[in-house]
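In: My questions are about this predicted structure, shown below with the sequence.
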Amino acid sequence: MIRLKDIAKAGNVSIMTVSKVMRDAPDISGATKARIRRLAEEMGYVPDATARGLRSRSTRLLGLVISAATNPIYARVMMAIEQRAHQAGYDILFAHSLNDPEREANSIRRFLARRVDGLFISPVYRLEPNAPIYQEIKKHKAPCVILGHRAPFCEDFANVETDSRTASMMATRHLIELGHRRIAFFSGPLAAPWAKDRLEGYRLALREAQIPWDDQRVYQAGGTIEEGRQAAAQFMAEQGDATAIQAVNDLVAIGAAGHLLDHGWGIPNQMSIVGFGNILTSEHFRVPLTTVRQPKMRQGEAAMDIMESLIQGHAPSSLILPAELIERSSTASPEK
């Protein structure tokens, strides 16, 4: 490992001079800086980031906690954050919560112990109004950006979210405009604010169209493909009368559509289906899925914008991003 004293010896200068060159100190001539830096590069010198962090009180590290990288909704968000962080000279530490509050807390504590300059967190949503780990973040005064909707336990932090309620209303209106009056809703996790917003958007669009609310057309589906299949199986077993299904996300929509197709149902002639998220699979599913496109790259970029602002000492500022409906082959007018 090449050290400063090795460069100093090779360059016939003092260790202090080399140190000042590496810090770009103003009292060293441009010619000396150029010579020492060229020499350091030729010798393969790599600065000690840990030691530099101790001096500057900045590690140039950011922590990112998500449920799992296998969830396709995070892929482009993570890419955008990493790209912008790289440009700004930061490295990203990744951790998976696996939707386990204890694992989430352990991951955050490890990041805090590494003295990260900031945290990006997609929370593990819970029904309790408080979560001790988020109080710990506040005590450490660590800049923190919530990726997605805030809940009571993390409401003190800045966030970036999609306007799920309005987008869900757009999806329901689309089905209504096609002529559907009996629309089932496959809802998401009970503790997740985004799932509640999407259910509320569905309810508001029905009310706007003067379509009576019917609890029996709302099915608990969670957020995975398998849970979507289970909700569709329940719908079939109960002989639901809906002509369209609006799913809380694309994974649920794909699971439900797959189950119906496997049992001989036609999509969209017998059942129209709308998802939410516009994950890559939705466009290439057996029946390309009508869905809501979330601005995932923009969410990641906005999260990094907010993080840089927080690191600079500015007050938290959240952002709600609009979404758009993407019409594909899974929706059509109901059969007469």
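Out: Okay, I see it. Source: prediction; values computed, not measured.

In: All the helices of the stretch 1-150 of the chain, in order from the start?
Out: 4-11, 15-22, 30-43, 49-56, 75-87, 101-113, 132-140 (DSSP state H, counting those that start in this stretch).

In: As a markdown table, these with mean neighbour count, distance to Ile254 and mean pLDDT would be great.
Out: Every residue, glycine included, has its C-beta placed from N, CA and C. Formatted as a markdown table, those follow (neighbours: other Cβ atoms under 10 Å; distance: least, Cβ to Cβ, whole Å; pLDDT from 0 to 100):
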| stretch | mean neighbour count | distance to Ile254 | mean pLDDT |
| --- | --- | --- | --- |
| helix 4-11 | 17 | 57 | 86 |
| helix 15-22 | 18 | 53 | 85 |
| helix 30-43 | 14 | 51 | 87 |
| helix 49-56 | 11 | 43 | 53 |
| helix 75-87 | 18 | 16 | 95 |
| helix 101-113 | 17 | 27 | 96 |
| helix 132-140 | 15 | 33 | 94 |
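
In: do you know which of these lies nearest Glu324?
Out: Among the helices of the stretch 1-150 of the chain, helix 75-87 comes nearest to Glu324, with 15.4 Å by Cβ to Cβ.

In: Restrict the closest one to CA atoms and write it as PDB.
Out: The C-alpha trace of helix 75-87 is given here as PDB (Å, rounded to 0.1, in the frame of the first residue of the first chain):
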ATOM      1  CA  ALA A  75     -34.800  -0.900  -9.600                       C
ATOM      2  CA  ARG A  76     -35.000   2.500 -11.400                       C
ATOM      3  CA  VAL A  77     -35.200   4.500  -8.100                       C
ATOM      4  CA  MET A  78     -32.000   2.900  -6.900                       C
ATOM      5  CA  MET A  79     -30.300   3.400 -10.300                       C
ATOM      6  CA  ALA A  80     -31.200   7.100 -10.300                       C
ATOM      7  CA  ILE A  81     -30.000   7.600  -6.700                       C
ATOM      8  CA  GLU A  82     -26.700   5.800  -7.400                       C
ATOM      9  CA  GLN A  83     -26.000   7.700 -10.600                       C
ATOM     10  CA  ARG A  84     -26.600  11.100  -8.900                       C
ATOM     11  CA  ALA A  85     -24.700  10.100  -5.800                       C
ATOM     12  CA  HIS A  86     -21.700   8.900  -7.900                       C
ATOM     13  CA  GLN A  87     -21.700  12.300  -9.800                       C
END
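
In: mind checking how far Glu200 is from Ser187?
Out: 11 Å (Cβ to Cβ, to the nearest Å).

In: Who has more neighbours out of those two?
Out: Ser187 (23 against 14; other Cβ atoms under 10 Å).

In: Low-confidence stretches in the chain?
Out: Scanning the chain for pLDDT under 70 picks out the ranges 48-57.

In: Sketch out the helices for the stretch 151-300 of the chain, chain order is fine.
Out: Taking DSSP H, counting those that start in this stretch as the criterion, the stretch 151-300 of the chain carries its helices at 164-177, 193-208, 225-237, 250-262, 280-284, 296-311.

In: what does the last one rub up against?
Out: Contacting residues not belonging to helix 296-311 are listed as 62, 73, 75-81, 84-85, 88, 117-118, 120, 143-145, 147, 158, 160-162, 316-319, 321 [Cβ atoms under 8 Å, 6 or more residues apart in numbering].

In: Now do that helix: distance to the chain's middle.
Out: 11 Å (Cα atoms, centre = their mean, to the nearest Å).

In: now do the fifth one
Out: Mean-position distance between helix 280-284 and its chain equals 18 Å (Cα atoms, centre = their mean).

In: now swap in the second one and tell me
Out: Centroid displacement of helix 193-208 relative to its chain, using Cα atoms, centre = their mean, is 21 Å.

In: hmm, who's touching it?
Out: Applying Cβ under 8 Å, 6+ apart, the external contacts of helix 193-208 come out as 125, 148-151, 161-162, 164-173, 176, 183, 185, 187-189, 212-213, 218, 223, 246, 248, 276.

In: Now with 7 Å, please.
Out: Helix 193-208 is contacted from outside by 125, 148-151, 164-169, 172-173, 176, 185, 187-189, 213, 246, 248, 276, using Cβ atoms under 7 Å, 6 or more residues apart in numbering.
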